[in-house]
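1. quick one, structure for this:
(one chain, ligands or ions: 2)
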Amino acid sequence: MNLTEKYESIINQILENEFAIIDGLFESENLTRLRNEVIKKDKTHQLSQAKIGKSDKRIHDNSVRTDDILWIENNSNIEDEQSYIKAVEQFYTYLNNACFTGISEFECHYARYGAGTFYKTHIDRFKNDSGRKFSLITYLNDSWKKDDGGELKLHLENELILIEPIFARTIIFKSHLIKHEVLLSNTNRYSLTGWLK
Ligand code: OGA
Ligand code: NI
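-> Residues are numbered from 1 along each chain as shown. Ligands and ions are numbered 1, 2, ... in the order given. Purely as a prediction, here's the structure:
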């Protein structure tokens, strides 16, 4: 599939299922370097424990989520972070033109789920927050295997879907609609987790 075909596939999947799963949406060379980047940042303790809730009410809650994150600045001077942001912009521009989604912003963080971590069932949009339209997650795990765990589980109305967090796989879903969780991870699990607003 070329890029336009991938975009079309995503749109068709979202129209049909409210979520899309697509492999190779972003350049693997770019993602390999971002994987190295997050590992480097992780080793130098730049990631910190993720919180839940909105703005001033944000708290750590180890019963809900235990991943570590680092936000990516939109004006980052790291070339590979810029390339990823640009590629996401290209995608949502296409989506806006095709579906009138009106997206104008992307926010994104690195995430690491270490051994023994998880994120219990939740929705990505806070009450009274109409900001997040779509969640967009790209996985950076180059040799993921079943024993590693950390699958993303989508709780659809009539179905549970398990998604393996393999390298260069992207998952996109409507932030206010889809309940989801990250199952127990048994090893370091890296991703770029973001929202289209
Ligand atoms: C989140 C989330 C899922 C994943 O960060 O809100 O649900 O697969 N992440 O990393
Ligand atoms: Ni989530």
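
2. now do the SS call for residue 84.
-> helix (DSSP: H, G, I helix; E, B strand; the rest coil).

3. contacting residues for it?
-> By Cβ atoms under 8 Å, 6 or more residues apart in numbering, the contact set of residue 84 is 26, 30, 31, 34, 72, 108, 138, 192. Bear in mind the C-beta positions are built from the backbone N, C-alpha and C, glycine included.

4. and what of residue 161?
-> So, once contact is read as Cβ under 8 Å, 6+ apart, residue 161 ends up touching 19, 153, 154.

5. surely the first one and residue 175 touch.
-> I take that to be residue 19. No: proximity of residue 19 to residue 175 does not meet the contact threshold set by Cβ atoms under 8 Å, at 10.6 Å.

6. work out for me the element the nearest residue in space to residue 83 that is not next to it in sequence sits within.
-> Of all residues not flanking residue 83 in the chain, residue 30 sits nearest, at 5.0 Å (Cβ to Cβ, 6 or more residues apart in numbering). Using DSSP states H and E, the secondary-structure element containing residue 30 is helix 28-43.

7. closest point of this structure to ligand 1, which residue?
-> Sorted by distance to ligand 1 under Cβ to the nearest ligand atom, the residues of the chain start with residue 152, at 3.7 Å.

8. can you count the residues close to that residue?
-> Other residues within reach of residue 152 by the criterion other Cβ atoms under 10 Å amount to 21.

9. go on, residue 125?
-> In terms of burial, residue 125 registers 19 neighbours under the definition other Cβ under 10 Å.

10. ditto for residue 27
-> Look at residue 27: counted by other Cβ under 10 Å, it has 14 neighbours.

11. I'd say it and residue 83 touch.
-> Yes: if you go by Cβ under 8 Å, residue 27 and residue 83 touch, sitting 7.5 Å apart.

12. which residue ranges of the chain form strands?
-> 19-23, 48-49, 68-71, 106-113, 117-122, 134-139, 152-155, 160-163, 169-174, 179-185, 189-196 (DSSP state E).
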